[in-house]
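Asker: Sequence and predicted structure are below.
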Amino acid sequence: MPTDRKPEFFKGAQLKVGIIGCGYVGLPLALRFAEAGHKVTGFDTDPAKVSLLNAGRSYIDHIRQDKIQQFVNSRHFNATTDFERLKDVDAIVICVPTPLDERREPDLSFVEQTAFSIQPNLQKGQLVVLESTTYPGTTEELVLPILEKSGLRCPVAAGIESDNIPTDFFLAFSPEREDPGNKQYGLAQIPKVVGGTNPPSARAAQALYAQVVAKVVPVSSTRAAEMAKLLENIFRCVNIALVNELKLLASRMNIDIWEVIDAAATKPFGFMPFYPGPGLGGHCIPVDPFYLSWKAREYDFSARFIELAGEINTSMPYHIVDAIADSLNKHKKSLNGAKLLILGVAYKKDVDDLRESPSLKIMQLLQQRGAQLDYNDPYFPQLHKMRHYNFENMKSVPLSAQILGQYDAAIIATDHTSYDYHAIVDASRLVVDTRNATRRVTRNRNRIVAC
Ligand SMILES: NC(=O)c1ccc[n+]([C@@H]2O[C@H](COP(=O)([O-])OP(=O)(O)OC[C@H]3O[C@@H](n4cnc5c(N)ncnc54)[C@H](O)[C@@H]3O)[C@@H](O)[C@H]2O)c1
């Protein structure tokens, strides 16, 4: 193993790559490096995941088991909880969670813990890349000082005069843009933004990613790369909030917001459609913008768009619950005691991901107001205790006309493709549709309430 790797080292040779955090981001990345012929080790603190991976099994619905098995068999991929094995790799990519804590402030404990587990194993010439979404400054202010406790140095520098600045190891940030379940854009097709702590680090990281993605987009610093990812997600968060607010107005004015969006989207330039819904979900959009608004306070700056968008998006589940109560009221039923069936608990259609799902918030609010709940979701046969919710004993009820007929209302919270919306409407007394999923249903439209 070379002890003094240059940035060019990461260009051609078969590399040993360590991926820390084998979740929605880390696992596909690990498999992509394996597919490109590199030797990949997945590091995770969860021994159950490590055992499954080494047995060639997947725990993420859209990641194919046979792919994992193939790379385990060909010895291009294995997993471990033993972080000492980081010593043996050329490049280390960090893909651990970056959630918000109870006060909705950045929780960087996973990134910090990971930096501490790399530090005693860090070798000269190794490349470390942080991929976890975070505020600008994390790589240089949090990760770098911990890694430098090893005695090895990676000076922060930019510009042509630092092109060949001596550095003991390489450190970079490259945001992940994975869109779970997106069949059009996979990891290899999505351009990768890369910023280095210094120019050699940037070149090393660009060389690494050029082996597995079609296009690498260099930026001048780790901070610019960190901010680019936040801009992308804030753009989505703010536009979704805008359209959610306009939905509330349109509904009051008796205008169909979905029709309006479809009409506006025919403009061939300068408009991009965003769609309203029951609230934000997933790991990214409800969480990431607050990393920046938190950091902004350090600069005496209030990120008002982010806060406003957060306020509107957070209020959407409350709006949906009020709309359900109103719809039941029209049928001379109170929410208190109503039997309701929630369709879809995943945060978006066709994924097995519950994180920050607005369905869960809606269920909690409905229960607090006395509704009796069941749910169906083909991706979740049962629910478990979560950080903010406890639906521990709930199991997905089967969908049949007879069962649908037993509820006062069915609430479409997630528009999974596998649902037969005609059959759902035909069999239900009332359908509250938060996703415009029933737009093509032609029969019994009087049973549908769009909200
Ligand atoms: N899921 C997405 O669609 C997505 C998209 C873009 C960016 N991101 C970002 O990528 C990062 C990872 O997200 P994810 O969705 O893959 O999370 P995840 O929860 O699916 O996976 C994280 C993995 O890290 C492991 N882990 C936790 N602490 C660890 C530690 N100290 N050492 C080693 N492993 C550890 C967990 O066991 C888990 O397997 C986050 O910063 C997220 O914001 C996620």
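Answerer: Here it is on my side, so go on.
Asker: Would you tell me which residues of the stretch 151-300 of the chain are close to the ligand?
Answerer: 176, 178, 180, 283, 284 (C-beta under 6 Å from any ligand atom). For glycine as for every other residue, the C-beta is placed from the backbone atoms N, C-alpha and C.
Asker: most surrounded residue in those?
Answerer: Neighbour counts for these, by other C-beta atoms under 10 Å, peak at residue 284, which reaches 22 neighbours.
Asker: Excluding sequence neighbours, find me the nearest residue to that residue.
Answerer: Nearest non-adjacent residue to residue 284, counting by C-beta to C-beta, 6 or more residues apart in numbering: residue 233, 5.4 Å away.
Asker: Could you pull out the buried residues of the host helix or strand of that neighbour?
Answerer: Per DSSP states H and E, residue 233 falls inside helix 222-252. Across helix 222-252, burial judged by 16 or more other C-beta atoms under 10 Å covers 222-223, 225-230, 232-234, 236-238, 240-248, 250-251.
Asker: Which elements pack onto it?
Answerer: Applying 3 or more C-beta pairs under 8 Å, 6 or more residues apart in numbering; DSSP states H and E, we find helix 222-252 packed against strand 170-173, strand 192-196, helix 257-264, helix 288-297, helix 304-330.
Asker: so can I have CSV of the ones you listed showing mean neighbour count and mean pLDDT?
Answerer: Below are these laid out as CSV (neighbours: other C-beta atoms under 10 Å; pLDDT from 0 to 100):
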stretch, mean neighbour count, mean pLDDT
strand 170-173, 30, 98
strand 192-196, 26, 98
helix 257-264, 14, 97
helix 288-297, 21, 96
helix 304-330, 18, 97
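Asker: For my notes, please list these in JSON lines and give distance to residue 152 for each entry.
Answerer: What follows is those, written out as JSON lines (distance: least, C-beta to C-beta, whole Å):
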{"stretch": "strand 170-173", "distance to residue 152": "10"}
{"stretch": "strand 192-196", "distance to residue 152": "16"}
{"stretch": "helix 257-264", "distance to residue 152": "53"}
{"stretch": "helix 288-297", "distance to residue 152": "27"}
{"stretch": "helix 304-330", "distance to residue 152": "37"}
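Asker: Just the C-alpha atoms of stretch 255-271, please, in CSV.
Answerer: Presented in CSV, the C-alpha positions along stretch 255-271 are these (Å, rounded to 0.1, in the frame of the first residue of the first chain):
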residue,chain,number,x,y,z
ILE,A,255,-60.1,27.5,-7.7
ASP,A,256,-58.4,24.1,-8.3
ILE,A,257,-54.7,24.7,-7.6
TRP,A,258,-53.7,21.5,-9.5
GLU,A,259,-55.3,22.8,-12.6
VAL,A,260,-53.6,26.1,-12.1
ILE,A,261,-50.2,24.5,-11.7
ASP,A,262,-50.7,22.3,-14.8
ALA,A,263,-51.6,25.4,-16.8
ALA,A,264,-48.7,27.5,-15.6
ALA,A,265,-46.3,24.6,-16.3
THR,A,266,-47.0,24.8,-20.0
LYS,A,267,-44.9,27.9,-20.1
PRO,A,268,-41.7,26.7,-21.8
PHE,A,269,-39.3,28.9,-19.8
GLY,A,270,-39.0,30.6,-16.4
PHE,A,271,-41.4,28.3,-14.5
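Asker: Closest residue of the protein to the ligand?
Answerer: As assessed by C-beta to the nearest ligand atom, the ligand sits closest to residue 23 within the chain, at 1.8 Å.
Asker: Distance check, that residue against residue 132.
Answerer: 10 Å (C-beta to C-beta, to the nearest Å).
Asker: so what's in contact with these two at the same time?
Answerer: Here residue 23 and residue 132 have 95, 97 as joint contacts, going by C-beta atoms under 8 Å, 6 or more residues apart in numbering.
Asker: ok, now which ones touch residue 76?
Answerer: Neighbouring residues of residue 76 by C-beta under 8 Å, 6+ apart: 34, 37, 38, 39, 40.
Asker: how near is it to residue 67?
Answerer: Where residue 67 is concerned, residue 76 sits at a distance of 11 Å (C-beta to C-beta).
Asker: repeat for residue 150
Answerer: Residue 150 is 35 Å from residue 67, by C-beta to C-beta.
Asker: any idea whether residue 417 is helix, strand or coil?
Answerer: coil (DSSP: H, G, I helix; E, B strand; the rest coil).
Asker: if I read this right, it contacts residue 350, doesn't it?
Answerer: Yes. Proximity of residue 417 to residue 350 meets the contact threshold set by C-beta atoms under 8 Å, at 5.5 Å.
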